[in-house]
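*Asks:* I'll drop the sequence and a predicted model, then ask my questions.
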Amino acid sequence: MNRFSLVLCLISLIAGVSRAGLAGPAVSAPSPTLAVREPTTVCASHILVRYWGSLGASDLRTSPVARAIAEKILARVREPGADFEAIGHESEKAYPDILYERTGPVGHGKMEKPFEETVFALQPGQIADHLIVTIHGFHIIRRNPTIHCREILIAYQGASRALVTRTEVEARKLAETVRAEALKPGADFAALARRYSDAPDAANGGDVGVFDRRMMIQSFEDAAFALKVGELSPVVETRFGFHIIQRIE
């Protein structure tokens with residue numbers, strides 16, 4: 001059976017974690033490169049109910065029956081306090097030809113048009129109030145809250161994937177120094193990332209892209225989601241080294 005699949009862009013910069021405390025509060029840093037704008041990339045979760053004749057369907061369920069099932073699921077997920085993901089997995093197990101899926105970060109032109117228009121029209125965390133129909137079947141759609149960040153990673157010898165010789169003590173000291181520089185008025189975080197960061201995204205100004213919950217390791221995720229647009233995190237430690245995070249949007 002073919003599974004419906006939107007374009008998945010899983011962020012794999014960080015996988016696994018050694019938790020560490022965060023030192024000091026997040027602080028806003030002026031940056032000439034930041035601007036509030038409409039998102040060009042979103043993440044979503046959806047529950048797909050297929051019917052006979054829709055793409056990928058294997059069950060003989062008719063369209064009216066599929067719609068009735070989808071309407072019941074939609075009513076459940078829209079109840080106060082409902083767990084969209086739990087209901088999605090439960091529905092997968094309860095019925096044939098039902099799929100629960102989280103999309104990776106996807107942009108315009110990467111989804112079926114009715115799906116795309118719905119996702120971009122929703123607010124983060126909002127569930128569409130009606131079923132969305134595509135060639136794949138009936139969709140119940142939730143737009144997931146996302147953020148967009150840059151980072152500077154200061155690695156040290158012995159850290160995961162590190163190719164540097166500096167010690168852990170030297171790395172922490174350098175991370176604090178770079179963070180202080182990034183907090184100066186007019187500082188260009190992207191330029192600092194290109195100069196100092198040991199992460200693979202350094203050449204791209206430290207841009208780690210758009211992500212939602214559970215796409216990063218916990219300590220990095222917690223620090224990033226605690227930021228407001230334009231803010232810098234304290235130095236965050238993972239098994240890859242010491243991170244300074246800036247929220248872009």
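*Replies:* Right, received. Where do you want to start? Numbering: from 1, shown residues only.

*Asks:* Please make it C-alpha for all contacts and neighbour counts, starting now.
*Replies:* OK.

*Asks:* So what does the residue lying farthest from the centre of the chain look like in phi/psi?
*Replies:* Using C-alpha atoms, centre = their mean, the residue of the chain lying farthest from its centre is residue 60. It sits 35.6 Å away. Here is the backbone geometry of residue 60 (degrees, to the nearest 10): phi -90, psi 20.

*Asks:* likewise residue 81?
*Replies:* Phi and psi for residue 81, reported as degrees, to the nearest 10, are phi 80, psi 0.

*Asks:* Quote the end-to-end distance of stretch 237-249.
*Replies:* 22 Å (C-alpha to C-alpha, to the nearest Å).

*Asks:* Give me the local confidence score for the residue positioned nearest the centre of the chain.
*Replies:* Residue closest to the average C-alpha location in the chain (C-alpha atoms, centre = their mean): residue 211, at 1.8 Å. Here, the pLDDT recorded for residue 211 equals 88.

*Asks:* So what pairs up with it in the strands?
*Replies:* Beta-bridge partners for residue 211, by DSSP bridges, are residue 147.

*Asks:* Surely it and residue 146 touch.
*Replies:* Yes: if you go by C-alpha atoms under 8 Å, residue 211 and residue 146 touch, sitting 5.4 Å apart.

*Asks:* list residues touching both of these two?
*Replies:* Residues touching both residue 211 and residue 146 (C-alpha atoms under 8 Å, 6 or more residues apart in numbering) are residue 43.

*Asks:* related to what we said a few turns ago, is the residue nearest to the residue farthest from the centre of the chain when sequence neighbours are not counted in a bridge, and if so with what?
*Replies:* Among residues not flanking residue 60 along the chain, residue 52 sits closest, at 5.0 Å (C-alpha to C-alpha, 6 or more residues apart in numbering). Under DSSP bridges, the beta-bridge partners of residue 52 are residue 54.

*Asks:* and what of residue 151?
*Replies:* residue 245.

*Asks:* For it, give me its contacts.
*Replies:* Residue 151 neighbours (C-alpha under 8 Å, 6+ apart): 193, 197, 206, 207, 208, 243, 244, 245, 246.

*Asks:* Can you lay out those as TSV showing pLDDT and neighbour count?
*Replies:* Formatted as TSV, the contacts of residue 151 follow (pLDDT from 0 to 100; neighbours: other C-alpha atoms under 10 Å):
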residue	pLDDT	neighbour count
193	97	26
197	96	25
206	95	27
207	94	22
208	91	21
243	97	26
244	97	27
245	97	28
246	96	30
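
*Asks:* can I get those in CSV with distance to residue 142?
*Replies:* Listed next are the contacts of residue 151 as CSV, based on distance: C-alpha to C-alpha, whole Å:
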residue, distance to residue 142
193, 34
197, 35
206, 29
207, 25
208, 23
243, 31
244, 30
245, 27
246, 26
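
*Asks:* just the residues you listed now: which is nearest residue 118?
*Replies:* residue 208 (25.5 Å; C-alpha to C-alpha).
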